[in-house]
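S.K.: Need a 3D model of the sequence below.
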Amino acid sequence: MGKLIVIEGLDGSGKSTQTPILANELLSQGKDVRVVSFPDYASDSSMLVRMYLAGEFGTKPDDVNAYAASTFYAVDRYASYVQHWKEFYEKPDSVVIATRYVSSNEIHQLAKLHRDDWNDYIAWAEDFEYEKLGIPRPDLVLYLDMKYEIALELVSGRSEKTGQKKDIHELDEAYMERCHKAASFASDKLGWHNIVCYDGKEPLSQEEIAGKILEEVTMLLDIA
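M.R.: Sure thing, here's the model as predicted:
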């Protein structure tokens, strides 16, 4: 059985930037690496996620309850696992790096719920995806801890540069703030490894963040 490493964080925290950096480093060290990303926008399995994020079920994240939205993402992950990387993951010494995973539900959907309901939701999400659906538990979740104010600025800059339209999560600043609080709670409860990605009001450089990530992965994979 291989290893599953998840790179998680708020929108704009640098997940999509750091994943290929880590993958290329491990490949250069002779590791057998596969990268997956969620949602799997190229697959039909993400249709409900795409409709949700485009606002077709409501223009605010709270218009779709946490449990309904969670199932959209969970089904997409299940389909990706069974169709695209299950066989690879089951090989000895393989390494799968996932940009977002079950932890994304535990950030974005937790933020819709009252604080008193957070423990119950996490228990439900962990049971539903890992036990009921049977997708693998990660060996390491790296949470890129970026202040939500900085993340919002980075998302806006990306949108202006690329013309990429913001989704309903990225358009709602209050929701992003709640996600940051939810992520801190989930990280502490579930034992994620926090990678602090800022210094004061400024984000760290890509190289600094990549160095912190590699330290954690080196310990997991026992790289000399």
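S.K.: Which parts of this protein are helices?
M.R.: 15-28, 47-53, 66-80, 86-89, 102-108, 118-126, 148-162, 173-190, 206-221 (DSSP state H).
S.K.: Go through those helices and pick out the most buried.
M.R.: Neighbour counts (mean count of other CB atoms under 10 Å) averaged over each of the helices of the chain peak at helix 102-108, with a mean of 25. Where you see a C-beta, it was placed from the backbone N, CA and C, and this is true even at glycine.
S.K.: and for that helix, what are the contacting residues?
M.R.: Where contact means CB atoms under 8 Å, 6 or more residues apart in numbering, the residues beyond helix 102-108 that reach it are 6, 8, 10, 38, 61, 69-70, 73-74, 77, 121-122, 125-126, 129-130, 135, 138, 141, 143, 169, 179, 182-183, 186, 190, 192.
S.K.: just checking, I135 touches F128?
M.R.: No - applying CB atoms under 8 Å, one finds I135 not in contact with F128, separated by 10.0 Å.
S.K.: Show me which of the two is the more surrounded one.
M.R.: Neighbours per residue (other CB atoms under 10 Å) separate I135 from F128, with I135 holding more: 20 against 16.
S.K.: Let me see the confidence value for that one.
M.R.: Among the per-residue scores, I135 shows a pLDDT of 98.
S.K.: ok, it - contacts?
M.R.: Per CB under 8 Å, 6+ apart, neighbours of I135: R77, Y78, Y81, V102, E129.
S.K.: Can you tell me the closest non-neighbouring residue to Y143?
M.R.: The shortest distance from Y143 to any non-neighbouring residue, by CB to CB, 6 or more residues apart in numbering, is to W192 (4.4 Å).
S.K.: give me the number of residues near that neighbour?
M.R.: 21.
S.K.: Would you mind giving both backbone torsions of it?
M.R.: Main-chain dihedrals, W192, degrees, to the nearest 10: phi -70, psi 160.
S.K.: residues contacting it?
M.R.: E8, S103, V141, L142, Y143, A186.
S.K.: Can you pull the poorly scored residue ranges out of this structure?
M.R.: For the chain, the stretches with pLDDT under 70 are 154-171, 223-224.
S.K.: my guess is R77 contacts Y101, does it?
M.R.: Yes - counting by CB under 8 Å, R77 does reach Y101; the two are 7.0 Å apart.
S.K.: Find residues that contact each of the two.
M.R.: Common neighbours of R77 and Y101 (CB under 8 Å, 6+ apart) are F38.
S.K.: can I get the contacts of I135 in TSV with distance to M51?
M.R.: Below are the contacts of I135 laid out as TSV (distance: CB to CB, whole Å):
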residue	distance to M51
R77	17
Y78	18
Y81	22
V102	21
E129	21
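S.K.: before we move on, the earlier item: tell me the two of the contacts of W192 that are most distant?
M.R.: Using CB to CB, those span at most 13.4 Å, a distance reached by L142 and A186.
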